[in-house]
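Engineer: pasting the sequence and the predicted coordinates here, then a few questions.
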Amino acid sequence: MARKGLPADMIAATLCRLPAKSLLRLRCLSKSWCSEIDSPSFAQLHLQNSTATASNLSLVLRHSFLSSVDLERLDAAVVKLDHPLEAHTFGTEILGCCNGLLALRNSDEEIAFWNPTTREHRMLPKAEIEPPPGDSRCAFVVYGFGYDSVHDDYKLVRLAQFYRDGVSSSEAKVYSFRANAWRGIGDFPYYLRYQRCHGVLVNNALHWVVGRDESRGGRLIVALDLGTQEYRVVEQPDYGERKFHLNVKELGGCLVIVANYHPEWVDLWVMKEYGVKESWTELVTLRQPAKPYTFEFVLPVAYVGDGSKVLLVQDNNKLICYDLGSEEVDEVRVEGLSKYFEVTLLAGSLVKLNSGCEGVANAVNLVGAGADENQS
């Protein structure tokens with residue numbers, strides 16, 4: 001790929017800084033450039049650069065359809081995304097995002113992995129939910145999507161929870177991209193708290209809010225390690241005795257706790273060193289103004305600018321920007337934004353879905369939705 005004496009590694013180091021969609025256009029310049037850009041090693045290099053620089057990011061917005069807007073150009077209009085599961089009868093759910101790939105679902109029978117940049121997708125085989133014998137009711141079904149760096153494999157986890165006569169049971173299954181198959185991994189030894197709250201990917205593990213029993217009490221955070229497929233409880237900061245609604249999210253590659261003391265205020269805690277309780281740091285405190293209260297909840301989306309601000313979604317109908325220094329809040333207006341929406345952050349990538357997982361080992365997980373790459 002070297003031209004006019006330039007070393008190949010120097011050219012690759014320069015190209016990896018470009019948006020993924022721009023790189024797809026450059027493939028037509030020569031066979032050598034096409035070969036380099038299509039190589040698994042370059043896809044890995046591009047991912048690593050995007051992670052290190054927090055670049056090539058965009059927001060995927062879900063309402064009755066999917067759309068996208070560049071994180072660095074939020075004043076631009078959203079762009080509708082045409083995806084492989086699009087249907088007019090029901091909306092598409094985003095089950096998770098990793099390394100520029102989205103896990104999408106229209107129903108239990110239609111699940112796909114999709115790269116919005118390359119437009120490649122893979123349909124997943126059907127996996128029946130198998131309740132225990134008897135008249136058991138399926139109360140919860142949640143998913144989690146991530147890249148298992150130990151086995152160089154993309155995995156989709158499905159947890160189903162059943163109830164019968166006040167007694168609960170569960171089923172856990174994992175889809176492996178490499179094997180293109182589902183397999184059971186035994187019972188889920190906790191009790192899910194929220195419907196449609198899919199697993200949050202941090203440090204090669206998926207995280208959910210759970211309880212130890214079927215009562216409504218309890219606020220544990222449990223992690224499922226994608227490599228070992230073992231569960232562990234994540235230690236939380238010392239909040240005090242006051243009750244709040246607990247949620248978990250990801251921000252800048254770190255696990256985040258959203259503590260909602262409704263209706264008064266919301267705290268965001270970030271675990272700066274994964275697995276170390278003492279590293280929990282209170283990042284954001286967003287207080288309600290005088291009545292009438294202006295929001296029900298806020299959730300973190302991404303650091304913006306030089307990292308001194310945090311983009312948040314408020315009540316799934318507004319984007320706001322919180323200044324970590326001044327603690328001031330400004331509304332972010334995006335042209336064409338739906339009245340209600342969910343947000344996923346995605347980094348555009350060249351990860352392929354038609355040639356296995358090669359070239360993504362050791363890449364850092366990225367959570368979200370394609371940025372410039374979805375803009376022509």
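Structural biologist: Looks like it came in fine. Numbering: from 1, shown residues only.

Engineer: list the contacts for residue 49?
Structural biologist: Applying C-beta atoms under 8 Å, 6 or more residues apart in numbering, we find residue 49 in contact with 16-17, 55. Just so you know, the C-beta spots here come from the backbone N, C-alpha and C atoms, and that holds for glycine as well.

Engineer: buried subset of the residues you listed?
Structural biologist: For these, a burial check counting by 16 or more other C-beta atoms under 10 Å picks out 16, 55.

Engineer: mean confidence score for the helix or strand hosting residue 224?
Structural biologist: Assigned by DSSP states H and E, residue 224 belongs to strand 220-225. Mean per-residue pLDDT for strand 220-225: 96.

Engineer: with stretch 161-181 instead?
Structural biologist: Here the average pLDDT along stretch 161-181 is 89.

Engineer: can you give me the end-to-end span of it?
Structural biologist: 21 Å (C-alpha to C-alpha, to the nearest Å).

Engineer: residue 10 belongs to a helix?
Structural biologist: Yes. Counting by DSSP: H, G, I helix; E, B strand; the rest coil, residue 10 falls inside a helix.

Engineer: if we can go back for a sec, helices or strands up against the strand holding residue 224?
Structural biologist: On a contact count with 3 or more C-beta pairs under 8 Å, 6 or more residues apart in numbering; DSSP states H and E, strand 220-225 meets strand 205-211, strand 231-233.

Engineer: return the distance of stretch 60-70 from the chain's centre.
Structural biologist: On the basis of C-alpha atoms, centre = their mean, to the nearest Å, stretch 60-70 sits 14 Å off its chain's mean C-alpha point.

Engineer: so which bits of it are buried?
Structural biologist: Buried residues in stretch 60-70, counted by 16+ other C-beta under 10 Å: 60-62, 65-70.

Engineer: which of those lies closest to residue 351?
Structural biologist: residue 60 (15.8 Å; C-beta to C-beta).

Engineer: residue 238 in helix, strand or coil?
Structural biologist: State at residue 238, reduced to three classes by three-state DSSP: coil.

Engineer: could you report the separation of it from residue 80?
Structural biologist: Remark: distance between residue 238 and residue 80 (C-beta to C-beta, to the nearest Å) = 46 Å.

Engineer: between those two, who's got more neighbours?
Structural biologist: residue 80 (13 against 7; other C-beta atoms under 10 Å).

Engineer: where's that one relative to residue 336, distance?
Structural biologist: For residue 80, the distance to residue 336 equals 9 Å [C-beta to C-beta].

Engineer: mutual contacts of the two, please.
Structural biologist: With C-beta under 8 Å, 6+ apart, residue 80 and residue 336 have common neighbours residue 67.

Engineer: and the buried residues of stretch 60-70, which of them are in helices?
Structural biologist: Counting by DSSP state H, no part of the buried residues of stretch 60-70 is found in helices.

Engineer: sorry, back to before: want to throw the contacts of residue 49 into CSV with secondary structure?
Structural biologist: Shown next, in CSV, are the contacts of residue 49 (three-state DSSP):
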residue, secondary structure
16, coil
17, coil
55, coil
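
Engineer: closest to residue 40 among the contacts of residue 49?
Structural biologist: If you rank the contacts of residue 49 by distance to residue 40 using C-beta to C-beta, residue 16 comes first, at 13.3 Å.
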